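K.L.:
3D model of this:
(one chain, ligands or ions: 1)
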Amino acid sequence: MTDMAIAVSGLRKGFKDKVVLDGIDLEVPAGTVFSLLGPNGAGKTTTVNVLTTLIQADAGNIRVAGHDVATEAKAVRASIGVTGQFAAVDELLTGQENLQLMVDLTSGADQRTVTDLLERFDLAESAHKPASTYSGGMRRKLDLAMTLVGNPRIIFLDEPTTGLDPRSRRTMWAIIRDLVADGVTVFLTTQYLEEADQLADRIAVLDQGKLVAQGTPEELKRQLPGTHVRLRFSTEAELDEAAAIFPDSTRDDEALALKVPSDGGTRSLRAVLDRLDEYALSAEEFSVHTPDLDDVFLALTGHSTEVVAK
Ligand SMILES: Nc1ncnc2c1ncn2[C@@H]1O[C@H](COP(=O)(O)OP(=O)(O)OP(=O)(O)O)[C@@H](O)[C@H]1O
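P.N.:
A predicted model of the protein is given here:
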């Protein structure tokens, strides 16, 4: 068998009478990225908190880095790094001071780590400014840099890019890919299908305390409706005509809309527009739709993410 960095079976956790995790089983091979995908309130943070020994499970066999989280919490903590949604960064300290503090608190961490990490995360220029002046993206980077001080082999990233702009999100993805190239195991929670798709070797979808699907991004996406163009018309007659010229399309009579399968590229978009022109049809609205978390939920559970959210 492959070396498992994380192995969980029968994990249960509730708060008072509310069941949050209702029997979770998962395995993460060392050196891979595992993504737990779910909407707000699905139980992602609770899972991370159990795996990182911050809270105790009610039941289950949970091993991280080969150690039992219930009986060997100290050994687990020594092998992991955790970056939470609420960054551990001290706003009053500079980036350099935050990292220095982490080095001082971590046995075996050497002094060079601070400069190395500041450079690696492109924070050297702002190293002497207080963290309160950092952008959201810089703060997340500093938080992740602090996590790496002890050189952990397993890293938990709880929604590392929530609230970041697309550019900072991409920078974060590049950093995560570098970590994986170094052989680090990453357990990542996210609300973004695209993020899980970009980074993960395996994805598990969490819905109402249970994992409703697990697989590679390709396996999951195969179960989803694909990318399509949505055309909305102003009359039913136009919708009828359009439906006739796009035989693969599906129609939504109530919205007077038509979904035409497409890869979303410029060439196929132009082909759709040309075809409309050819028949002297014009759409009131034209939008490209790529599958997102809501589509995953609808396809896998028959309900949207709203039902899960608090
Ligand atoms: N300490 C607690 N006491 C009571 N209920 C809690 C506690 N921690 C979490 N919960 C509840 O457990 C559920 C799952 O919360 P959790 O934070 O794990 O979800 P999440 O998937 O991480 O969502 P988010 O994306 O909002 O962080 C929520 O309904 C939350 O209210």
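K.L.:
so is Leu269 in a helix, a strand, or just coil?
P.N.:
Three-state call for Leu269 (DSSP: H, G, I helix; E, B strand; the rest coil): helix.
K.L.:
Which strands or helices does whichever strand or helix holds Asp178 pack on?
P.N.:
Using DSSP states H and E, Asp178 falls within helix 166-181. If you count contacts as 3 or more C-beta pairs under 8 Å, 6 or more residues apart in numbering; DSSP states H and E, helix 166-181 packs onto helix 136-147, strand 185-190, helix 193-199. Where you see a C-beta, it was placed from the backbone N, CA and C, and this is true even at glycine.
K.L.:
right, and these - which one's nearest Gln208?
P.N.:
Nearest to Gln208 among the helices and strands packed on helix 166-181 is strand 185-190 (16.1 Å), distances taken as C-beta to C-beta.
K.L.:
returning to what we had before: between the helix holding Asp178 and helix 136-147, how big is the angle?
P.N.:
In terms of direction (axes from the mean of the first three to the mean of the last three C-alpha atoms, to 10 degrees), helix 166-181 departs from helix 136-147 by 20 degrees.
K.L.:
Now Ile155: closest residue in space that isn't a chain neighbour?
P.N.:
Among residues not flanking Ile155 along the chain, Gly81 sits closest, at 4.6 Å (C-beta to C-beta, 6 or more residues apart in numbering).
K.L.:
Can you verify my assumption that that neighbour contacts Ala145?
P.N.:
No. Counting by C-beta atoms under 8 Å, Gly81 sits too far from Ala145 to count as a contact (10.4 Å).
K.L.:
Generate CSV for the helices and strands packed on helix 166-181, with distance to Ala109 and mean pLDDT as supplementary columns.
P.N.:
Converted to CSV, those look like this (distance: least, C-beta to C-beta, whole Å; pLDDT from 0 to 100):
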stretch, distance to Ala109, mean pLDDT
helix 136-147, 11, 89
strand 185-190, 20, 96
helix 193-199, 26, 89
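K.L.:
tell me the most buried of these?
P.N.:
strand 185-190 (a mean of 25; mean count of other C-beta atoms under 10 Å).
K.L.:
re earlier: would you mind saying which of the helices and strands packed on helix 166-181 lies nearest the ligand?
P.N.:
Among those, the nearest to the ligand by C-beta to the nearest ligand atom is strand 185-190 (6.5 Å).
K.L.:
Name every strand pairing with the closest one and say which way it goes.
P.N.:
In the sheet, strand 185-190 lines up against strand 33-37 (parallel), strand 154-158 (parallel) (DSSP bridges).
K.L.:
quick one: contacts of the last one?
P.N.:
What that stands for is strand 154-158. 5-6, 44-45, 48, 51-52, 64-65, 79-85, 144, 147-148, 176, 179, 184-189 (C-beta atoms under 8 Å, 6 or more residues apart in numbering).
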